[in-house]
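In: All I have is the shape, not the residue letters:
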């Protein structure tokens, strides 16, 4: 699923007592704009005394990746709800775009900890320079002369249309 | 045991997806499963290793070169000619030619094949004759 990063700006509706309520801006990740606005109210409700019914979204813009062809190390700080309580986590990912790294994070959390999208709150994301990376898994790729062989050759037809249940001979898996 | 490595400058063939059949150069490694690829006629993009087959050709570049540097390095290593003269490259060219034949070409091919097999039969009969009667 493609995650998009949105900037949502909203405020409470102006009332008699408060003519110009404070405007709040949030950057969040969702698959589409509708979900982004919903998530905005979810977070804003937790922080301020305002609900969607007595508030308004002023602007929602998608934020696009500035350098989608440059590989970066992303650090993501998150807060998630497990079966026994809330925990904080810091995870690192190597990817070309922030949205890609966030998507990796969600799928990894789902697979490793069985935590689904609604139970995860992203606290902070940042691009980390190579020197400051903490995880060995990302640090092992900080090598300008990286070289490794591929172990297994994946034999598959070039299109799904050419897929057959039975093949005449066993595939050769040596690269 | 391993002769072809994933490394910066390795030329690979895309074997699945939209860019099927294109030769690309591995320009950087994102992580264990993905590489950043570049080619003279495509935008730099990332792709999973499962969609690539590594070739024997390797060019000499630094990590993530500029497009112009990449093209110059490919010219210097003569990737195009090396590929087209390799047995793998030649086979692919023949396959492509065969797939692009029109009906008239197939007819001409049929005639040529008959000619070859007829001359072979004639030659083998002649050979047998000579073998029996000499």
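Out: Arrived safely, thanks for sending. None of the values given here were measured: they were computed from a predicted structure. Numbers count the residues shown, from 1 in each chain, chains lettered A, B, ... in the order given.

In: what about the closest residue to residue A:40 other than its chain neighbours, neighbour count?
Out: Setting aside the residues directly before and after it, residue A:40 is nearest to residue A:8 in space (Cβ to Cβ, 6 or more residues apart in numbering or on different chains), at 4.0 Å. For glycine as for every other residue, the C-beta is placed from the backbone atoms N, C-alpha and C. Residue A:8: 24 surrounding residues under other Cβ atoms under 10 Å in any protein chain shown.

In: which stretch of helix or strand covers residue A:8?
Out: Using DSSP states H and E, residue A:8 maps to strand A:4-12.

In: what bridges to the residue nearest to residue A:40?
Out: Residue A:8 has these beta-bridge partners by DSSP bridges: residue A:26, residue A:60.

In: Is it in contact with residue A:38, as I believe?
Out: No: here residue A:8 does not reach residue A:38: they are 9.8 Å apart, not a contact under Cβ atoms under 8 Å.

In: Tell me if residue B:37 really is in a helix.
Out: No: remark: residue B:37 does not belong to a helix; assigned using DSSP: H, G, I helix; E, B strand; the rest coil, it is strand.

In: For chain A, list the residues in contact with chain B, please.
Out: Contact residues, chain A versus chain B (Cβ under 8 Å from any Cβ of the partner chain): A:69-71, A:93-96, A:138, A:141, A:144-150, A:153-154, A:156, A:158-159, A:175.

In: domains for chain B, by residue range?
Out: Domain assignment for chain B, taken from the TED database, gives B:1-100, B:102-133.

In: can you pull the contacts of the residue of chain B found nearest chain A?
Out: Residue of chain B nearest chain A, by Cβ to the nearest Cβ: residue B:2 (3.7 Å). Contacts for residue B:2 (Cβ atoms under 8 Å, 6 or more residues apart in numbering or on different chains) come out as A:149, A:175.

In: Then residue A:45?
Out: Residue A:45 is in contact with residue A:51, counting by Cβ under 8 Å, 6+ apart.

In: Let me know the secondary structure of it.
Out: Secondary structure state of residue A:45, per three-state DSSP, is helix.

In: returning to what we had before: what helix or strand is the residue of chain B closest to chain A on?
Out: With secondary structure defined by DSSP H and E, residue B:2 is part of neither a helix nor a strand.

In: What is the neighbour count of residue A:115?
Out: Here the count is done by other Cβ under 10 Å, and residue A:115 has 20 residues near it.

In: Run through the helices of the chain in chain order.
Out: As the question left the chain open, I've gone with chain A. Using DSSP state H, the helices of chain A run over residues A:33-47, A:98-113, A:136-139.

In: oops, I was thinking of chain B
Out: Secondary structure of chain B (DSSP H): helices at B:67-77, B:79-85, B:87-99, B:103-132.

In: between these, which one is nearest to residue B:16?
Out: Among these, the nearest to residue B:16 by Cβ to Cβ is helix B:87-99 (15.2 Å).

In: Thank you kindly, that will do.
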